[in-house]
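A.B. asks: pasting the sequence and the predicted coordinates here, then a few questions.
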Amino acid sequence: EVQLVESGGTLVQPGKSLRLSCAASNFTFDDYAMHWVRQAPGKGLEWVSGITWSSGTIAYADSVKGRFTISRDNAKNSLFLHMTSLRVEDTALYFCARGVYGSGRHFDSWGQGTLVTVSS
Amino acid sequence: DIQMTQSPSSVSASVGDRVTITCRASQDIKFWLAWYQQKPGQAPKLLIYGAYTLRNGVPSRFSGSGSGTEFTLTISSLQPEDFATYYCQQANSFLALTFGGGTKVEIK
């Protein structure tokens, strides 16, 4: 069974930085695109960022462009999200999600999420 | 970016009812649409992709249709485990993926 385990979420002040990690197992990690999707408390889903298997294509939602950086380490089966200049509106549960094989544009496996709270 | 508009935002239904949820895209996305189910406290689950392809293991009472800008998720006979929030997601380009606002299916 595919496993995705996020970590790194915590309470952080506005303007600060934070790095999220996602440990993947039970599948060939470097065959798949990976994404971060977030969900603010009581709200809907928002795609944040995606990265292809080779890191050749990287994309961001407009709301985080220039502040967040996605990366991956295929040797360690890990996905990362480096978040800077955090804002109150970045408060959310951040999910790591696997892109479907091939296009990578839909999300077929999800972690349970890690909670980021931005507050002074 | 492509905007996705889901309707209704909530629906009250009984076990055995047929439920239909609509998703409209602000521009042509061909068949690049998926549907997800999310229950409280859980991660979303992929139900349908490519507008109408049922993911392995998803009950056949779920079906998807549409292309271009208008799409539909239908639950043919609502079961107790189907009460959840459903989201559509467009995937016209890897560079900009977006979700609809969600539809909560509640018990009548």
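C.D. replies: It's in.
A.B. asks: can you tell me which residue is spatially central in the chain?
C.D. replies: Unless you meant another one, I'm taking chain A. A:Trp36 (2.7 Å; C-alpha atoms, centre = their mean).
A.B. asks: can you look at chain B instead?
C.D. replies: Centre-nearest of chain B using C-alpha atoms, centre = their mean is B:Trp35, 3.6 Å out.
A.B. asks: contact partners for that residue?
C.D. replies: B:23, B:46-49, B:62, B:64, B:73, B:86-89 (C-beta atoms under 8 Å, 6 or more residues apart in numbering or on different chains). (Glycine included, C-beta is placed from N, CA and C.)
A.B. asks: nearest to A:Thr84, of those residues?
C.D. replies: Set against A:Thr84, the nearest of these by C-beta to C-beta is B:Gln89 (26.7 Å).
A.B. asks: test my guess that the closest one contacts B:Gly100.
C.D. replies: Yes - contact criterion C-beta atoms under 8 Å: B:Gln89 and B:Gly100 qualify, at 7.2 Å.
A.B. asks: shared neighbours of those two, which are they?
C.D. replies: The contact sets of B:Gln89 and B:Gly100 overlap at B:Met4 (C-beta under 8 Å, 6+ apart).
A.B. asks: more crowded one of those two?
C.D. replies: Shown here are B:Gln89 and B:Gly100; by other C-beta atoms under 10 Å in any protein chain shown, B:Gly100 has more neighbours (27 against 24).
A.B. asks: ranges for the strands of the chain?
C.D. replies: Answering for chain A, as no chain was given. A:3-7, A:11-12, A:18-25, A:34-39, A:45-51, A:58-60, A:68-73, A:78-83, A:92-99, A:107-110, A:114-118 (DSSP state E).
A.B. asks: my question was about chain B
C.D. replies: Using DSSP E, strands in chain B cover B:4-7, B:10-13, B:19-25, B:33-38, B:45-49, B:53-54, B:62-67, B:70-75, B:85-90, B:98-99, B:103-107.
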